[in-house]
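Asks: Next come a sequence and a model predicted from it.
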Amino acid sequence: MKTIMVNKAGDVDVLQYQDADMPNHCADDEVLIKVMAAGVNPVDTKVRANGLMFDDAYPAILGCDGAGFVESIGADVEHLQVGDAVYYCYGGLGQKSDAGDSVGNYAEYAVVRAAYVALKPTSLDFDTAAASPLVLITAWEALFDRARLQSGQKVFIHAGAGGVGHVAIQLAKLAGAEVATTVSSAEKANFVKELGADLVINYKTQNVADVLLDWTDGLGVDVAFDTVGGEAFKQLIPAMRLYGDLVSILQFPEDTDWKTLRVKNVRLSQTLMLTPMLKESVELGEHHAGILEQCAQFFDEKKLVVYVDETLPLQDAKLAHEKIEQGHQSGKIVLQMHMDEMEA
């Protein structure tokens, strides 16, 4: 099978398009997926550059997000059948299958822990399905599992035109919240307005905290979801409501104004959707699959969209990583496999 393999950490040149043996064994709790498409995420570029998250993992296949067909199932797998179209976030961090094969989705086939896998929304093609899992789970865990977002609350979401941000806007609106977000251009402002954003802030020309305080009559937002970190995180502190929730997908800056956060009684949370994979938790993997199942219903009811900015063939993984690292991407980049079959 064709894969993108890495043998060490480094720049995009470590991504090697090559042949590898197709996995031919499923443990009792695994499924073999014929991968039709793989989403490319910023975490992929970080793992490539900084190293894998498991020991003795090289050579390895990257890629957390995938979508495809179930080719075979383990003896204990009950919720999936051969031939099912599925989507999932599993692999790409240095994991190995029960047989010792590297698990990642920059490949034509992948062996995946079945607990993490959900049926693909019937209304989505494989490209869009593959673009969805990581951003859906990240946004869901931040807004609902951490911040406990409620109808009627006012929520701020950083970088609303980005992969996580554009999903978070829609999920917050589905929950009945009012949503403010940041963008860097008029084009991106129009994009997030179409998604339902109530307040759009151009962070290049406006003071985010001042605008949020004006929007909330000086009270501050109930929930803030930080996907940027650093100075952007610290600038949110004055705009937090008393007893509000501030959630970040990044580490808190060392020079954070902890005193103000404490006086305001702001509840701080960090969310890392990779935790179930890093800790190899079946229970948490099932929770992730449950999120994908609920979002599949939203997709099929036309209440949720994931924007795919660009599709590329598997062999162009280097280009995909370069585009991600340049930043300012709206929506997602997807790698395609079995393109001859997709075109037929």
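Replies: Ah, there it is.
Asks: What mean pLDDT does the helix ranked longest in the chain get?
Replies: The residue-count maximum for a helix in the chain (DSSP state H) belongs to helix 282-300. Helix 282-300 shows a mean pLDDT of 98.
Asks: what helices or strands is that helix leaning on?
Replies: strand 85-89, strand 117-119, helix 133-140, helix 275-278 (3 or more C-beta pairs under 8 Å, 6 or more residues apart in numbering; DSSP states H and E). In short, each C-beta sits where N, CA and C put it, glycine included.
Asks: Quick one: mean pLDDT for the helix or strand hosting Ser72?
Replies: Secondary structure from DSSP states H and E places Ser72 in strand 65-73. The average pLDDT within strand 65-73 is 98.
Asks: next one: it to chain centre, how far?
Replies: Distance of strand 65-73 from its chain centroid, counting by C-alpha atoms, centre = their mean, to the nearest Å, is 18 Å.
Asks: In the sheet, which strands lie alongside it, parallel or antiparallel?
Replies: Using DSSP bridges, the strands paired with strand 65-73 in its sheet are strand 30-40 (antiparallel), strand 85-89 (antiparallel).
Asks: And the helices in the stretch 201-344 of the chain?
Replies: 208-215, 231-234, 258-263, 275-278, 282-300, 317-326, 339-343 (DSSP state H, counting those that start in this stretch).
Asks: Show me the one of the ones you listed that comes nearest Asp145.
Replies: Asp145 lies closest to helix 282-300 among the helices of the stretch 201-344 of the chain, at 8.5 Å (C-beta to C-beta).
Asks: Please produce TSV containing the strands paired with strand 65-73, extended by distance to Gln297 and mean neighbour count.
Replies: Formatted as TSV, the strands paired with strand 65-73 follow (distance: least, C-beta to C-beta, whole Å; neighbours: other C-beta atoms under 10 Å):
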stretch	distance to Gln297	mean neighbour count
strand 30-40	20	27
strand 85-89	13	27
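Asks: Can you tell me which of these is nearest to Ser248?
Replies: strand 85-89 (19.6 Å).
Asks: got the angle between the closest one and helix 282-300?
Replies: 120 degrees (axes from the mean of the first three to the mean of the last three C-alpha atoms, to 10 degrees).
Asks: for strand 85-89, what is the average pLDDT?
Replies: 98.
Asks: so what secondary structure elements neighbour the following helix or strand past it?
Replies: Downstream of strand 85-89, the first helix or strand assigned by DSSP H and E is strand 109-113. Counting contacts by 3+ C-beta pairs under 8 Å, 6+ apart, strand 109-113 is packed against strand 30-40, strand 65-73.
Asks: Okay, and the beta partners of Val40?
Replies: For Val40, the beta-bridge partners under DSSP bridges are Ile333.
Asks: got a pLDDT number for it?
Replies: 98.
Asks: I'd say it and Lys332 touch.
Replies: Yes: proximity of Val40 to Lys332 meets the contact threshold set by C-beta atoms under 8 Å, at 7.2 Å.
Asks: Common neighbours of these two, please.
Replies: By C-beta atoms under 8 Å, 6 or more residues apart in numbering, Val40 and Lys332 have no common neighbours.
Asks: Looking at the helices of the stretch 201-344 of the chain, which is nearest to Ala139?
Replies: When the helices of the stretch 201-344 of the chain are ranked by distance to Ala139, counting by C-beta to C-beta, first place goes to helix 282-300 at 9.4 Å.
Asks: what comes up buried for the longest helix of the chain?
Replies: 284-289, 291-292, 295-296, 298-299 (16 or more other C-beta atoms under 10 Å).
Asks: And the pLDDT at the closest residue to Ala85 other than its chain neighbours?
Replies: Excluding its sequence neighbours, the residue lying closest to Ala85 (C-beta to C-beta, 6 or more residues apart in numbering) is Lys120, at 4.3 Å. pLDDT recorded at Lys120 is 98.
Asks: Spit out the contact partners of Lys120.
Replies: 67, 85-87, 126, 129, 296.
Asks: follow-up on the earlier one: reformat the helices and strands packed on strand 109-113 as JSON lines; add distance to Val164.
Replies: Output for the helices and strands packed on strand 109-113, formatted as JSON lines (distance: least, C-beta to C-beta, whole Å):
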{"stretch": "strand 30-40", "distance to Val164": "12"}
{"stretch": "strand 65-73", "distance to Val164": "12"}
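Asks: closest to Ser184 out of those?
Replies: Comparing the helices and strands packed on strand 109-113 by C-beta to C-beta, strand 30-40 comes nearest, at 21.0 Å.
Asks: Centre of the chain to that closest one, how far?
Replies: The answer for strand 30-40 is 16 Å, by C-alpha atoms, centre = their mean.
Asks: Tell me which other helices or strands the helix or strand following that strand touches.
Replies: Sequence-wise, the next helix or strand downstream of strand 30-40 (DSSP H and E) is helix 42-50. Contacts defined by 3+ C-beta pairs under 8 Å, 6+ apart place helix 42-50 against helix 317-326.
Asks: what pLDDT, on average, does the helix it packs on get?
Replies: 96.
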